[in-house]
Each structure stands twice: as structure tokens, then as C-alpha cells.
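1. Quick one, what's the 3D model for this:
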Amino acid sequence: MGYNYLPKVLKLAISNNMIEHLELFEYPKIKEVVASNNKLVEFPLFHSRNRPKKLHLDYNLIECFPANCQFLNSVHLLNLAHNQLKTIPSKIQRMVSL
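-> Predicted structure coming up:
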């Protein structure tokens with residue numbers, strides 16, 4: 001079975017699993033990721049051309065923002081409630097779409 005359909009996926013809903021690491025390089029057009037209530041310890045990794053609009057990452061184990069968070073410039077909704085964040089980078093103030 002091939003994965004030719006993956007480039008067409010716009011929304012990925014994978015909540016309530018035990019996912020610890022998420023790479024979304026195979027989803028170049030994805031606009032929304034719903035990965036709530038998993039075991040993620042870091043932000044998902046995206047294709048460099050990908051610009052997701054909505055990220056639901058609540059109820060995970062994320063501790064910090066990625067060092068390079070330019071991909072967040074296109075995000076309109078970022079839900080990080082109930083994670084393990086200790087600080088929020090000052091860069092987030094420049095992300096006007098949030």
C-alpha cells in the first residue's frame with residue numbers, strides 16, 4: 001500500500017494516543033493538527049514548506065518551544081494547555097497571527 005494520498009491530507013486528528021514523537025514531513029499541505037492528550041515532549045516536526053494554521057497540542061508533556069519557531073508565524077490557533085512549559089519565548093510576541 002502506497003502513501004500517495006498523504007500529500008493531500010489537510011487535517012490530522014490523532015488525539016488520545018500514546019504518541020511521543022511526531023514528524024509530519026509527508027504532509028506538505030496539512031493545515032490542522034489535533035494531537036491532544038498524547039505523550040509529546042516536543043513540538044511536531046514539519047516540512048519546511050508547510051504552514052499549519054491550527055495546532056492542538058494540549059494535554060501533552062511539552063516542556064519548551066523549539067529553538068527555531070518561525071513555522072509558528074502562520075499559526076492562528078495554538079493550544080498548549082496542560083503541558084509542562086516553564087517559559088514562553090519573547091519571540092511569540094512577534095507572531096501577529098496568534
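2. alpha carbons only for contacts and neighbour counts from here, please
-> OK.
3. List the contacts of stretch 33-52.
-> Contact with stretch 33-52 is made by 11-32, 54-66, 71-72, 74-75, as judged by CA atoms under 8 Å, 6 or more residues apart in numbering.
4. Looking at those residues, which are in helices?
-> Using DSSP state H, no member of the contacts of stretch 33-52 falls within helices.
5. Just the buried subset of these, please.
-> Neighbour-count burial (16 or more other CA atoms under 10 Å) applied to those gives 15, 19, 25-32, 54-64, 71-72, 74-75.
6. in its sheet, what does the lowest-mean-pLDDT helix or strand in the chain sit against?
-> When the helices and strands of the chain are scored by mean pLDDT, DSSP states H and E, strand 45-46 comes last with a mean of 84. Applying DSSP bridges, strand 45-46 is found paired with strand 23-24 (parallel).
7. roughly how far is the partner strand from the heart of the chain?
-> Its chain's average C-alpha position is 9 Å from that of strand 23-24, according to CA atoms, centre = their mean, to the nearest Å.
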